[in-house]
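*Asks:* Give me a 3D structure for the following:
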Amino acid sequence: MSRDGRSRTRTYAAGAVALLAFATACGDNGGAGGGKAAPAATTPASAAPRPSGAATPTGAAATPGAAPAAADAAAWAKWNLTPLAPAPAPPADKPIKLERTGPVPVFSDVKTSDKVVFITIDDGAEKDPKFVEMLTDLKVPISMFLTRDIVKNDYAYFKPLQALGNHVQNHTVDHPVMSKIPAEKQKSEICDAQSALTQQYGTAPLLFRPPFGDGANTPTLNTSVQQCGPRAIVLWRESMQIHGMQYQSGDKLKPGDIVLAHFRGPKELKGSTMTQMFGELLARIQEQGFSVARLEDYIQAPAS
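*Replies:* Predicted coordinates:
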């Protein structure tokens, strides 16, 4: 989580101590993040057969390369935005191929020549109904990395977002600095969140993101992830602040970059709303000539 957010919109009775630590930062502070986000080093994912019955989630962009329909343009205008160019069709040969067993890969981007980036949104503290309305209108794909103790007071909020085709992924129980806790605690942070999110949303998270990116490349964390079910650790190349992006290197997006944002509200965004921040993010992406694709459409899950 970036430095500009220092408090949370809601107070949670459970996990208050952990959430106090969480409120200071999520991606750009401490550990492997340290203001630059976690290291971009990637553990290669090896080839695996495509799972039978795999399908692209609903809610994806319309026909690749097509001009926005009038209704789509009106939906974007409602939010004072110009439509993004549609993303190309997802590749049949997925750039990232995950295996059922063994060490999990760590990646912060996807190797692709498609001029696309991937939006990931963390934690789940801000539960603004207007954001659900916005994504329903715009159908921009996101991946949601949810923290159990932050979302458990309103699991239902994220279900309409999931119904748009957006996947729920694992972001621990209560957002600790993973390298500061013992192996067994690391395992419970991931496994307990995995169980709760699977029960609530009907699908086991395939991906895991450690808070702050901390410990992402350590053997201990990799082993804990393996034991709990996710098959990859996902970091990021850019993090969205309030009006602009913070880059790990350089000052431009690159094809396949993973962008980090957060479910935040006016208290964390200095008066801006979640929808305003997201609109700014889309504008920054559009300025550089990129489209937004769904991260999971570029990942081949292990064969079942």
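
*Asks:* can you pull the contacts of the nearest residue to Gln288 once chain neighbours are set aside?
*Replies:* Closest residue in space to Gln288, ignoring its immediate chain neighbours: Leu253 at 5.0 Å, by C-beta to C-beta, 6 or more residues apart in numbering. From N, CA and C alone the C-beta is placed, and that goes for glycine too. Residues near Leu253 by C-beta atoms under 8 Å, 6 or more residues apart in numbering: 117, 237-238, 245, 259, 285, 288, 290.

*Asks:* Which of the residues you listed ranks first by neighbour count?
*Replies:* Neighbour counts for these, by other C-beta atoms under 10 Å, peak at Glu238, which reaches 28 neighbours.

*Asks:* That one contacts Met245, correct?
*Replies:* Yes. Judged on C-beta atoms under 8 Å, Glu238 makes contact with Met245 at a distance of 4.6 Å.

*Asks:* what sits in contact with each of these two?
*Replies:* What both Glu238 and Met245 touch, as defined by C-beta under 8 Å, 6+ apart, is the set 253, 259.

*Asks:* First residue to last residue on stretch 170-190, what's the distance there?
*Replies:* For stretch 170-190, the first and last residues are 7 Å from each other (C-alpha to C-alpha, to the nearest Å).

*Asks:* what about the strands in this protein?
*Replies:* Under the criterion DSSP state E, the chain contains strands at 96-97, 106-107, 116-123, 143-146, 167-170, 207-208, 232-234, 238-240, 245-247, 258-262, 291-293, 299-300.

*Asks:* other SSEs contacting the fifth one?
*Replies:* Here strand 167-170 is seen to pack against strand 143-146, helix 183-201, strand 207-208 when contacts are counted using 3 or more C-beta pairs under 8 Å, 6 or more residues apart in numbering; DSSP states H and E.

*Asks:* Name the stretch among those that sits most buried.
*Replies:* Burial of the helices and strands packed on strand 167-170 is given as mean neighbour count (mean count of other C-beta atoms under 10 Å); strand 207-208 ranks first at a mean of 26.

*Asks:* Name the nearest residue to the most centrally placed residue in the chain, ignoring sequence neighbours.
*Replies:* Residue closest to the average C-alpha location in the chain (C-alpha atoms, centre = their mean): Thr120, at 2.4 Å. Closest residue to Thr120 apart from its sequence neighbours, by C-beta to C-beta, 6+ apart: Ser143 at 4.6 Å.

*Asks:* and if you look at Val117?
*Replies:* Asp257 (4.7 Å).

*Asks:* How about the contacts made by that neighbour?
*Replies:* By C-beta under 8 Å, 6+ apart, Asp257 lies in contact with 108-109, 117-118, 236-238.

*Asks:* from these, which two are the most distant?
*Replies:* Among the contacts of Asp257, the pair separated by the greatest distance (C-beta to C-beta) is Ser108 and Val117, at 11.8 Å.

*Asks:* who touches both of these two?
*Replies:* The contact sets of Ser108 and Val117 overlap at 257-258 (C-beta under 8 Å, 6+ apart).

*Asks:* Now do Asp149 against Ala92, distance only.
*Replies:* Per C-beta to C-beta, to the nearest Å, Asp149 is found 39 Å from Ala92.

*Asks:* ok, the two, which is more surrounded?
*Replies:* More crowded of Asp149 and Ala92, by other C-beta under 10 Å: Asp149, with 21 against 6.

*Asks:* Surely that one and Val173 touch.
*Replies:* Yes. Asp149 lies in contact with Val173 (C-beta under 8 Å); the separation is 5.7 Å.
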